[in-house]
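[1] attaching a predicted model along with its sequence, questions to come.
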Amino acid sequence: MSKEEGYFFQDILHLLTFSRRKRMALFRDLPVNSRGRVLLELSSRVRDSIVRELDVHEIVSILHYVDLDQVARILRHSKERRRKKILKSFHEDVQEKVEFLLRFSPDTAAGLMDLNYITVEVDSSFKEVFQAVESHEKKTGKPPAILVLKRGFLVGELPLHRVELRRRSENIESFIRKVPTLQYDKSEKEVLDVFRGHPHSKIIVLDDDRSVLGVIYSSDILRIIEKKSGESLYGFAGVRKEEDVFDTVWAKVRNRHLWLLVNLGTVFLAVFVVGLFETTISKFVLLAAYMPVVAGMGGNAGTQTLAVVIRGLAFRKIGLLVGLQVAWREVLAGIFNGVITGVIVALVAFLWHQNIFLGLVVAVSLVFNLIIAGFFGTMAPLFMTWLGKDPASSASILITTATDVIGFFVFLGLASLFLV
């Protein structure tokens, strides 16, 4: 796709999402062969609303241009009666395969798999394999993965290019290569873990009895990576992972309000701490001007540490034991960064307000809050991971609360001792 086509495609998604009254007219104006791709790129809410409005004939014409696993994605939330009516328009083999894919959760290995493969026995000749590949290509228009079985169990994969290069009478056994496998009910995270160990390979999905169910291709892996990247970003911001950039206003409100209420509770905790020093602030009003400096620097430092630690957790570089060493390094980094920024703030406070003690109080508070940020930025995501929670979303609120509450307490406490 060219850059111009990419921009046009994004414009289409935007119009279909926000022009609710004209949505169906706009969608029906699209070429039939591009409607399926557009549906797959829309948020699930918008996609489902369009599918509900289309008649059976229109849906069937769209589905003829997409792969079987994509058919399952489009029809997943349709009512069973309507789905069966749609699938009746397809060949019996296609119906069975789509219904088979819909049996599995979309967030598991089976929910990601493709059925574009053929199986051959280990004692097959290249001629037999070539005929099987040719037959599959005539039916589907796509070259398949060639999976080799021995008495019904997977032994490996035969690379497609081997079929073209070898003599037809030759046996395939010497050219089989190992291929990673995964049970059908494994999570997307486990799929990614396997792919990281075998980045140039397919992943074969197996049933409980070790029989082949399907294949996960690299394109499917890229879809998970994009999804997980989005979830991590959403987690940092306190947004549900299901939310899409094109969702309606009310959908966004529904997805975010609970997190904001939790955040409001932690804000009141900070307000309570500040209230303890009401007399101090009333006697030295200038303190209020420097409170955002202390809180803001601590929050930013905590976010930096959190990003590094979550990346380490994602790539399995750190655990609880290694985390203590990481926390110590982050604390030391916090001390040095606190001294650097603290000296600058102290100089600004002295030159601006001619008060060296104010500068020193702010500087010491910054050093202390950056230490807190380094410690909680490391330990909070590790602790949440140990509890089985999402560290991106659940740890950020702990870090913000710690840097605000402890930062204000230290800053206003030192001010009470040395400035009032």
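    Cool, got the structure.
[2] low pLDDT regions in the stretch 201-350 of the chain?
    For the stretch 201-350 of the chain, the stretches flagged by pLDDT under 70 are 223, 225-248, 255, 314-317, 319-321.
[3] ditto for the stretch 51-200 of the chain
    Those would be 165-167, 200, if you go by pLDDT under 70 across the stretch 51-200 of the chain.
[4] that one: helices as residue ranges?
    With DSSP state H, counting those that start in this stretch as the criterion, the stretch 51-200 of the chain has helices at 56-63, 68-75, 80-87, 92-102, 109-112, 126-140, 160-165, 188-197.
[5] same thing with the stretch 251-400 of the chain?
    278-283, 287-314, 320-353, 356-386, 391-418.
[6] just to revisit the earlier point, pipe the helices of the stretch 51-200 of the chain into CSV and attach distance to residue 264 per row.
    For glycine as for every other residue, the C-beta is placed from the backbone atoms N, C-alpha and C. Below are these laid out as CSV (distance: least, Cβ to Cβ, whole Å):
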stretch, distance to residue 264
helix 56-63, 44
helix 68-75, 37
helix 80-87, 42
helix 92-102, 41
helix 109-112, 36
helix 126-140, 54
helix 160-165, 57
helix 188-197, 31
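[7] on that earlier part again, can you say which of the helices of the stretch 251-400 of the chain is packed in most?
    Across the helices of the stretch 251-400 of the chain, averaging neighbours per residue (mean count of other Cβ atoms under 10 Å) puts helix 356-386 on top, at a mean of 23.
[8] buried set for stretch 120-130?
    For stretch 120-130, the neighbour count (16 or more other Cβ atoms under 10 Å) marks 120, 122, 124, 125, 126, 129 as buried.
[9] I misspoke; the intended subject was stretch 185-199.
    186, 188, 191, 194, 195.
[10] wait, the second one sits on residue 110?
    Right, residue 188. No: between residue 188 and residue 110 there is no contact, the gap being 11.2 Å when judged by Cβ atoms under 8 Å.
[11] out of the helices of the stretch 51-200 of the chain, which one sits most buried?
    Mean neighbour count (mean count of other Cβ under 10 Å) peaks for helix 109-112 among the helices of the stretch 51-200 of the chain, with a mean of 25.
[12] contacts for it next, please.
    With contact meaning Cβ atoms under 8 Å, 6 or more residues apart in numbering, helix 109-112 is reached by 69, 101, 103-106, 182-188, 190-191, 203, 205, 213-214, 216, 220, 223-224.
[13] returning to that earlier point: in a markdown table: the buried residues of stretch 185-199, plus distance to residue 252.
    Listed next are those as a markdown table, based on distance: Cβ to Cβ, whole Å:
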| residue | distance to residue 252 |
| --- | --- |
| 186 | 32 |
| 188 | 24 |
| 191 | 29 |
| 194 | 35 |
| 195 | 32 |
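[14] could you chop this structure up by domain?
    If you go by automatic domain parsing, the domain ranges for the chain are 3-103, 112-216, 249-418.
[15] closest to residue 143 among the buried residues of stretch 185-199?
    Of all the buried residues of stretch 185-199, the one with the least separation from residue 143 (Cβ to Cβ) is residue 195, at 21.0 Å.
[16] my guess is the closest one contacts residue 202. True?
    No: contact criterion Cβ under 8 Å: residue 195 and residue 202 do not qualify, at 9.5 Å.
[17] list residues touching both of these two?
    Joint contacts of residue 195 and residue 202 (Cβ under 8 Å, 6+ apart) are 180, 218.
[18] report the beta-bridge partners for residue 182.
    Per DSSP bridges, the residues bridged to residue 182 are residue 205.
[19] list the contacts of it.
    Shown in contact with residue 182 (Cβ under 8 Å, 6+ apart): 109, 190, 191, 194, 203, 204, 205, 206, 216.
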